[in-house]
Each structure stands twice: as C-alpha cells, then as structure tokens.
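S.K.: I'll drop the sequence and a predicted model, then ask my questions.
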Amino acid sequence: MPSATMNPQEVRAVWTSEEGSMAKQTAENRWAKIIQGTIDDIGETANADDFDDQKRAESIAIQIALKDIKRRIEQNKPLTPLQDDGKLDIQEWNKQLAAIGQCSWRNCPWLFGECYMYRSIQRILNASKYWQNYDVFKRQKDSTFVKSRAAVEELASRYMQIVADTRFAQDESKEEAKKLLFVEMTEIALWGNATDLSLLANLSLEDLQNLQGREAIQKSQRNIVDNDTDDVWTYLQRTASQASRQIDIILDNAGFEFFTDVLYAAYLLDAGISTSIRLHTKDFPWFVSDVISTDVESLFEHLDSSECFPGRLYLGQLIPKLRKFFQSGAITTTSDPFWTTPFSFHELPSKAPAVFKELQNSYLVIFKGDLNYRKLTRDGLWPHTTTYEEALGPLGKQSGVKILSLRTNKSDVCVGVPTQSKVDALNEEAPGGAWIQNGKYAVVSFNEGQ
Ligand code: F6P
Ligand code: MG
C-alpha cells in the first residue's frame, strides 16, 4: 500500500488560523455559540421557581465569568494561563500553554485551544461553591437523545433480532453470517458517531434501517474511506481462544451514540467475541456531548421512560438485558483524568503510563469518534495516504496496543486512504475537504500492535 512517510514530530498540527480548515470555522463560528449555550443553560436552571437562593446568587458570577470567555473568543484575545481552581492538572495546562508561546483564540493549535475552552468552563465551576458538579450540557444531551426516538426503537428491535441470529450463527458452518453481524454492529456503532448533537441526527434512522441488509451495508461502506473491518475480524477470529478478551471502549458522545455503543458492547459479549467490556468516560463535561459518568444512569432513565420512548415492545426486552450486563460486571465503566487533558495520545506513554499499560493489556481498544481520532493522530495535517499505523506514532505497532477507530470525519485530519487516486476521487466527489469535515464519510481504522 503506498504511503507518504513522515516523522510524526514533523507533522504540522492544524491551527485555528488555517484557511479553509474546520479548525478556523469552529473557532470563528462555533465556540462563542457553545459558551452562550452554557450561559443560557445556567440561567434557565437558576431561574427555576424553587431554586436555592444562594445557588442562584452564585450563578450570576458564573455567567459573568462565562461571558468574559465568550468576549475573549469573539475579540480574538490571547490565551492566558488558567487560574488555580484547586485541581492538580492546572499546572500542566499552563506548562503546555507556555510551550506553545504567544497565541490567541483564532491563532492557536486547534486541539489545545478547544480543550482549553472546555477546561476554562470547568475551571469556573470548580472554583464555585455550589456548581462544581453541575453538567452545563446535560439539558442539550437529554433533549437530543429524545429526538432520536425512532432510531432507538428501531435499533432495539433490530438488536433483539440480532441476538437471535447470533445464537443461530454459533454453528461453525455459519461463519459468513457471523461476520455479517459483526460488520453490521460495527457500522451501527460507527454511524452512531455521526449524531454528535447536530450533524446527521435526522439521517440516522434511514441509514440505520438500511444497514440491515447485505446490499445496504455495502452501500454505506462506500463512504468509509479507510475500512479495516476485515482485518479486525481476522484478528478476532485468530485470537478467539484467548482466555481473557477484555475490550476497552474509549467513549465519545452521550445519548444516541452511547446507546449504540452499549448495544455494541452487548453484542460483543453475546457473540462471545469479548469476555468483558470496559467503558471509559470523561471526568467532566467535555466537547458538549461526551459521556461523563452520570450519563450512564441517565441513558437507562431515558430508556425506561415510556414518555421518551413510547414503543416498548422491544425496549422492554432489551433494557433488562443491558442492565444485567452492568450489574454482573460484564460491562464496567471507568474514567481517567488523562482523557480530559489537551495532550494528544502520542503523549499517552509518558503522561499516563498506567493507562497506557492497561491499554497494552487490552484485547482490543476501540476509540470512538472524531476527537479521539484527532488525538490519536496528533491533529496533524498528514498526507491522506499516510498509513494509520504511521500516524499513530508511539501508539503504532511497537506499542502492542490493538487499536480500532470508529470515527465519522468531522475535522481536518484523515489518514489511511489507500491510494492517491482514491484521495483525488474523494476531492472531486466532495470538494473543499468536505469528505474530511462533513460527517458523511468515515473511517474504520485498525492497527494491530504487536
Ligand atoms: O465540529 C467540530 C468538533 O467540535 C470537533 O472539535 C470535534 O473533533 C468534533 O466536533 C467532536 O466530534 P466527536 O464527538 O465525534 O468527537
Ligand atoms: Mg464528542
């Protein structure tokens, strides 16, 4: 497979000043709106009739501090060191900011600037008396999940059918059927990532329904620009006799995507592919919709509600099954501060050696979503034909980590496209980098560390 070879250290990370980039668009158009959303949300919470007076009084100061971040973003002010909020990580943030040097909101490394924005919001809450554990994005996460009602009900019914198929497929002669189920479930988890609060929320039902047949799977596979599903399947088949097969999923978004992830986890257990699943959540509200620990129970609360999901026929069978996986410890959740740092995952071995070791010992590590992909590839402007392994740098082959990315393309980085002619064809089909940015294309990229 031809590839452009580059030293990871030499690859330029995308900055928010880069013309035509998603980075620039995000810094100019989305960040201030996201902050405004947090101001409105806190206002709405604090203005409820029965709200505590002291908390309400403190909300005013929080809103003022948030407005100041918004103003600084709009006026392209310099990024300044974060003030102490009693948490240990502040020093690391400020060290990294100092290493970048002079930079401003519209002229900074995108990855750092965006992470810094979410940490700045949390800094204000951490420094408060009453709002430390408040999730400024919960309202948004909940309302979006409820809008995916049709897709959730449809998937619940499809999953119960898949469970039946999986049992049927245990017979050795049904290898092909087993593989098709794996492809289908993997793609459901993949396209679940398209629904991070905005992009493809309405398209998903049709897409997901269409995933049911072989022909339809092939149709959606067209938009997977680096597709290593066959390699993953070969790896899983070859190693199926290992006694411990723990799969780690580094989660992305709450709500619909998380629902597809839990279904995927259940499938991996039901099909005997995995012996246990560990789900990695974030420590505090992050990139609007990322899963934090409280989103796990919130998922079940929503699924249990016949007001949110009136079609109970299949959900009624599915929910107890899913809950049992959590109660028995077959599915567990964990979290680590590393996931909410600005570091790319190239820094994982040095900055979070214990997490790195755990991932090295994992049977398979699945990274969901766009931000995880950006961090895996240092948010670098790699030639698109660079191999995934090369872009992983220290997490590549020698790391021993078996890494699978399920990511719809929503930023500026995309590697692993097999040939330059394929890149050219994509540029023609979706000009101006749309295939890297618009969330309608995706990657299923696998690297088997050894
Ligand atoms: O729209 C851009 C963006 O906010 C990126 O900053 C980020 O990489 C992505 O969306 C979040 O997507 P995901 O939830 O898939 O990580
Ligand atoms: Mg996300």
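M.R.: Structure received. Ligands and ions are numbered 1, 2, ... in the order given.
S.K.: if we go by neighbour counts, what in the longest helix along the chain is buried?
M.R.: In the chain, with assignment by DSSP state H, the single longest helix is helix 53-74. For helix 53-74, a neighbour-count test (16 or more other C-beta atoms under 10 Å) marks K55, E58, S59, I62, Q63, A65, L66, I69, K70, R72, I73 as buried. (Glycine included, C-beta is placed from N, CA and C.)
S.K.: any chance of those residues in JSON lines, plus pLDDT?
M.R.: Formatted as JSON lines, the buried residues of helix 53-74 follow (pLDDT from 0 to 100):
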{"residue": "K55", "pLDDT": "97"}
{"residue": "E58", "pLDDT": "98"}
{"residue": "S59", "pLDDT": "98"}
{"residue": "I62", "pLDDT": "98"}
{"residue": "Q63", "pLDDT": "98"}
{"residue": "A65", "pLDDT": "98"}
{"residue": "L66", "pLDDT": "98"}
{"residue": "I69", "pLDDT": "98"}
{"residue": "K70", "pLDDT": "98"}
{"residue": "R72", "pLDDT": "98"}
{"residue": "I73", "pLDDT": "98"}
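S.K.: how far away is L97 from S148?
M.R.: Here L97 is placed at a distance of 37 Å from S148 (C-beta to C-beta, to the nearest Å).
S.K.: who's more crowded, these two?
M.R.: S148 (25 against 20; other C-beta atoms under 10 Å).
S.K.: and the pLDDT for the residue nearest to the more buried one when sequence neighbours are not counted?
M.R.: Counting by C-beta to C-beta, 6 or more residues apart in numbering, S148 lies nearest to F256, which is 4.1 Å off, once chain neighbours are set aside. Per-residue pLDDT puts F256 at 90.
S.K.: ok, S173 next?
M.R.: The model reports S173 with a pLDDT of 61.
S.K.: for the longest helix of the chain, give me every contacting residue.
M.R.: Applying C-beta atoms under 8 Å, 6 or more residues apart in numbering, the contact partners of helix 53-74 are 27, 31-32, 35-36, 38-39, 42-43, 45-47, 77, 105, 117, 120-121, 124-125, 128-131.
S.K.: among the residues you listed, which ones are buried?
M.R.: 27, 31-32, 35, 38-39, 42, 45-46, 105, 117, 120-121, 124-125, 128, 131.
S.K.: returning to that earlier point: specify the next element, helix or strand, located C-terminal of the longest helix of the chain.
M.R.: Downstream of helix 53-74, the next assigned helix or strand under DSSP states H and E is helix 90-100.
S.K.: just the CA trace of that next one, in PDB.
M.R.: What follows is helix 90-100, C-alpha atoms only, in PDB (Å, rounded to 0.1, in the frame of the first residue of the first chain):
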ATOM      1  CA  ILE A  90      -3.900  23.300  36.100                       C
ATOM      2  CA  GLN A  91      -0.100  23.400  36.100                       C
ATOM      3  CA  GLU A  92       0.200  21.000  33.200                       C
ATOM      4  CA  TRP A  93      -2.200  23.100  31.200                       C
ATOM      5  CA  ASN A  94      -0.200  26.200  31.800                       C
ATOM      6  CA  LYS A  95       3.000  24.500  31.100                       C
ATOM      7  CA  GLN A  96       1.700  23.400  27.700                       C
ATOM      8  CA  LEU A  97       0.400  26.900  27.000                       C
ATOM      9  CA  ALA A  98       3.800  28.300  27.800                       C
ATOM     10  CA  ALA A  99       5.400  25.800  25.500                       C
ATOM     11  CA  ILE A 100       3.100  26.900  22.600                       C
END
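S.K.: now for it, which elements pack on it?
M.R.: Helices and strands touching helix 90-100, by 3 or more C-beta pairs under 8 Å, 6 or more residues apart in numbering; DSSP states H and E, are helix 110-126.
S.K.: so is the helix it packs on next to ligand 1?
M.R.: Yes. Counting by C-beta under 6 Å from any ligand atom, contacts between helix 110-126 and ligand 1 involve E114.
S.K.: do a quick rundown of the strands in the stretch 101-250 of the chain.
M.R.: 224-227, 246-250 (DSSP state E, counting those that start in this stretch).
S.K.: adding mean neighbour count, write those out as a markdown table.
M.R.: Shown next, in a markdown table, are the strands of the stretch 101-250 of the chain (neighbours: other C-beta atoms under 10 Å):
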| stretch | mean neighbour count |
| --- | --- |
| strand 224-227 | 22 |
| strand 246-250 | 23 |
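S.K.: any chance of these in CSV, with distance to H346 and mean pLDDT too?
M.R.: Formatted as CSV, those follow (distance: least, C-beta to C-beta, whole Å; pLDDT from 0 to 100):
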stretch, distance to H346, mean pLDDT
strand 224-227, 19, 97
strand 246-250, 15, 98
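S.K.: between these, which one is closest to ligand 2.
M.R.: Smallest distance to ligand 2 across the strands of the stretch 101-250 of the chain (C-beta to the ion): 11.1 Å, for strand 246-250.
S.K.: surely S405 touches T377?
M.R.: No. In this structure, S405 is not within contact of T377 by C-beta atoms under 8 Å, at 9.0 Å.
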